[in-house]
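S.K.: Let's see this in three dimensions:
(one chain, ligands or ions: 3)
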Amino acid sequence: MAIPLRSEAAPGDHGAEDKGPQEQDRPRKIIHVDMDAFFASVEQRDFPELRGLPVAVGGAGGRGVVAAASYEARMFGVHSAMPSLTAKRLCPDLVFRPTRFEVYRAVSEQIRAIFHRFTELVEPLSLDEAYLDVTEDRAGIGSATGIAREIRRLIAEETQLTASAGVSYNKFLAKLASDQNKPDGLCVIRPGEGEAFVATLPVRRFHGIGPRGAEKMARLGIATGADLHAKEPDWLRAHFGSFGETLWRAARGIDHRPVRAHRIRKSIGGERTFFEDLSAPDELRDALERIIAIVWDRIADKQARGRTVTLKLKFRDFTLMTRARSLPRAIAGRAEFAALSRALLEEQLPLPMPIRLLGLTLSALDGGHEPNAAPAPPSTAQLALF
Ligand code: TTP
Ligand code: MG
Ligand code: MG
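M.R.: Ligands and ions are numbered 1, 2, ... in the order given. Model (predicted):
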């Protein structure tokens, strides 16, 4: 049973079905590695005068957003995705640096090369993190924990940056574990310990539960994994639909998703399911703008180029509609991507019925595939699940 922590597959994600039954019983050893304050740490590494200072990477201007915050900045409450003006108010001495994507990308390649010394089963989730399946101990190190230690040591040695790692028997737990002792931390969740570990955590730490999902849960009296564990499957299904089953398993530390290396990427997209169905044109336009921003960030992150934009609408009655526009050449940039997306929506207005989901995809990608491309991250696109 797949456990993508969301209710709908994102465009470009080609399912997360399990391996055959013979594979399912085999306990896995999974490591999740994630760089600490990634962009900000790279800046502090390359500009020693920034070390020890609160640093934010991103646009400092009126509409800028913090992409990454150094741990010094986080002490003031500054974090990723915060408007830069808010960050500056919280931390007047905050130093802003522009993003240097080429450098982050180069470090990302370095760390992926390190991962591949230990296993071919590497699934990057973004530039700074990946899942590794080290069930087969190719390097003969003796334990997954030993491999994680070695990886952290090599990253420090070869990039002069720190990473945190989580070791466990599935992806869901390994990711929670890598976050547990950040920065520069290691955490191991052994077989039998998953359920108890999850019980203590606030549900907002679960990969796939965005701020709005956490809010909805809070309204329903669910703050921690233990609260979630106490709910019956029927109750979860009634309140969360198909996602309820995923939540039931998450509360028990169960996740059967395999680590997927070498994905062939055919598209990049994102979509959003709304808490309340939308029909007012201005609400739809606002929602579209948010999705444009999310999807364009991903396109920029992957440096993808494509010719086709597809708008996806799911109506209240669950009928699906897609409308696409293609250019004879790759889309030139964000403005053109946004203009095509807006035109696709405007053509559909007024809608025959309120919608529950809106999505955008870029396809007909240059090159067609990217070895080891990151899958559509299960959480960030599906920002608010409910
Ligand atoms: P994260 O791994 O989420 O965060 P981080 O590495 O900055 O900090 P942590 O120590 O908690 O892992 O993201 C990796 C990089 O991706 C981050 O440095 C900047 C970028 N990023 C954005 O550009 N926007 C965002 O909203 C987030 C969350 C990250
Ligand atoms: Mg990180
Ligand atoms: Mg990360």
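
S.K.: Tell me how far the helix or strand containing Arg285 lies from the chain's centre.
M.R.: Per DSSP states H and E: Arg285 is located in helix 281-302. Distance of helix 281-302 from the chain centroid (C-alpha atoms, centre = their mean, to the nearest Å) equals 16 Å.

S.K.: next one: stretch 124-143
M.R.: Centre-to-centre, stretch 124-143 and its host chain are 18 Å apart (C-alpha atoms, centre = their mean).

S.K.: Likewise for stretch 185-193?
M.R.: 22 Å.

S.K.: so how many other residues sit close to the residue in the stretch 201-350 of the chain that ligand 3 sits nearest to?
M.R.: The stretch 201-350 of the chain approaches ligand 3 most closely through His207 (10.5 Å), counting by C-beta to the ion. C-betas here are computed from N, CA, C, even on glycine. Residues within reach of His207, counting by other C-beta atoms under 10 Å, total 20.

S.K.: Let me know the distance separating it from Ala250.
M.R.: Distance, His207 to Ala250, by C-beta to C-beta, to the nearest Å: 9 Å.

S.K.: related to what we said a few turns ago, go ahead and confirm the residue of the stretch 201-350 of the chain closest to ligand 3 touches Lys175.
M.R.: Yes - taking C-beta atoms under 8 Å as the definition, His207 is a contact partner of Lys175 at 5.2 Å.

S.K.: Can you classify the residue of the stretch 201-350 of the chain closest to ligand 3 by secondary structure?
M.R.: coil (DSSP: H, G, I helix; E, B strand; the rest coil).

S.K.: returning to what we had before: render the CA-only coordinates of the helix holding Arg285 in CSV, please.
M.R.: Provided in CSV are the C-alpha atoms of helix 281-302 (Å, rounded to 0.1, in the frame of the first residue of the first chain):
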residue,chain,number,x,y,z
PRO,A,281,-13.3,34.2,-10.1
ASP,A,282,-11.1,36.4,-7.9
GLU,A,283,-10.6,33.5,-5.5
LEU,A,284,-9.7,31.3,-8.3
ARG,A,285,-7.3,33.8,-9.7
ASP,A,286,-5.6,34.2,-6.3
ALA,A,287,-5.3,30.4,-5.9
LEU,A,288,-3.8,30.2,-9.4
GLU,A,289,-1.2,32.8,-8.5
ARG,A,290,-0.1,30.8,-5.5
ILE,A,291,0.2,27.6,-7.6
ILE,A,292,2.1,29.5,-10.3
ALA,A,293,4.6,30.5,-7.6
ILE,A,294,4.9,27.0,-6.2
VAL,A,295,5.3,25.4,-9.6
TRP,A,296,7.6,28.0,-11.0
ASP,A,297,9.9,27.6,-8.0
ARG,A,298,10.2,23.9,-8.8
ILE,A,299,10.8,24.5,-12.5
ALA,A,300,13.5,27.0,-11.6
ASP,A,301,15.0,24.6,-9.0
LYS,A,302,15.2,21.8,-11.6
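
S.K.: Might you quantify the distance of the following helix or strand past it from its chain's geometric centre?
M.R.: As assigned by DSSP H and E, the chain's next helix or strand after helix 281-302 is strand 306-315. Distance of strand 306-315 from the chain centroid (C-alpha atoms, centre = their mean) equals 21 Å.

S.K.: so strand 306-315 versus helix 281-302, what angle?
M.R.: With axes from the mean of the first three to the mean of the last three C-alpha atoms, to 10 degrees applied, the angle from strand 306-315 to helix 281-302 works out at 140 degrees.

S.K.: who does strand 306-315 pair up with?
M.R.: strand 320-326 (antiparallel), strand 355-365 (antiparallel) (DSSP bridges).

S.K.: Briefly note if stretch 76-83 comes near ligand 3.
M.R.: No - contact of stretch 76-83 with ligand 3 (C-beta under 5 Å from the ion) is absent, the minimum separation being 9.4 Å.

S.K.: what about that stretch, how long is it end to end?
M.R.: 14 Å (C-alpha to C-alpha, to the nearest Å).

S.K.: who touches it?
M.R.: Residues outside stretch 76-83 that contact it (C-beta atoms under 8 Å, 6 or more residues apart in numbering) are 54, 56, 63-69, 87, 90-91, 94.
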